[in-house]
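Engineer: need a structure here:
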Amino acid sequence: MRRILKLSGNVGIKEDHILTTPDRIQTVATITPDTLQIEFRSGKKYAVSLSAPMANIAGFSALHDIAEFNTASVVDDGWTIEWNCGLTMASERLYQMAKEQAGEAVRRGRRRLQCTESDDRSGRV
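Structural biologist: Numbering: from 1, shown residues only. This is a model prediction of the structure:
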């Protein structure tokens with residue numbers, strides 16, 4: 001059965017991308033046991049603390065090992081940071097965290113994206 005994802009609302013579709021990050025990551029380096037120095041392709045650099053997700057999200061527990069935290073690398077042509085343990089973070093989320101932690105405004109959409117799935121043959125939602 002083929003499933004169709006129907007989108008409604010202001011989703012900011014641009015070419016083939018439904019949701020895009022404002023900037024991709026150029027380089028990443030660790031500066032403290034819970035903070036990354038991220039340079040985006042625009043040339044902007046931010047220190048991004050991951051202390052909150054490391055403290056509150058079980059999946060981030062592997063990053064408490066300093067040696068593991070130091071394995072952060074840029075993958076997927078700058079769209080993702082990945083650690084050797086397999087944990088990944090999207091550039092979009094890191095960009096948002098960077099701007100928030102720097103005290104810069106993060107532009108947010110006015111309407112929420114609504115997604116519903118329907119059966120291709122019946123059109124039912």
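Engineer: wait, Ala72 touches Thr80, no?
Structural biologist: No - when contacts are counted by C-beta atoms under 8 Å, Ala72 is not listed as touching Thr80 (10.6 Å). Bear in mind the C-beta positions are built from the backbone N, C-alpha and C, glycine included.
Engineer: residues in contact with the residue nearest to Gly59 when sequence neighbours are not counted?
Structural biologist: Leaving aside its sequence neighbours, Gly59 sits nearest to Leu87 (C-beta to C-beta, 6 or more residues apart in numbering; 6.5 Å). Leu87 is in contact with Gly59, Phe60, Ala62, Leu63, counting by C-beta atoms under 8 Å, 6 or more residues apart in numbering.
Engineer: how close does the nearest residue to Thr80 once chain neighbours are set aside get to Ser42?
Structural biologist: Leaving aside its sequence neighbours, Thr80 sits nearest to Thr88 (C-beta to C-beta, 6+ apart; 5.1 Å). From Thr88 across to Ser42, the span is 22 Å (C-beta to C-beta, to the nearest Å).
Engineer: for Gln101, same thing?
Structural biologist: Taken as C-beta to C-beta, the span from Gln101 to Ser42 is 17 Å.
Engineer: per-residue confidence averaged over stretch 34-52?
Structural biologist: For stretch 34-52, mean pLDDT rounds to 96.
Engineer: now swap in stretch 56-72 and tell me
Structural biologist: The model assigns stretch 56-72 a mean pLDDT of 96.
Engineer: what's the straight distance from one end of it to the other?
Structural biologist: The first residue of stretch 56-72 is 19 Å away from its last residue (C-alpha to C-alpha, to the nearest Å).
Engineer: residues of it that come out buried?
Structural biologist: Under the neighbour-count criterion of 16 or more other C-beta atoms under 10 Å, stretch 56-72 has Phe60, Ala62, Leu63, Phe69, Ala72 buried.
Engineer: do stretch 99-106 as well
Structural biologist: For stretch 99-106, the neighbour count (16+ other C-beta under 10 Å) marks Lys99 as buried.
Engineer: same question for stretch 80-87.
Structural biologist: By 16+ other C-beta under 10 Å, the buried positions in stretch 80-87 come out as Thr80, Ile81, Glu82, Trp83, Leu87.
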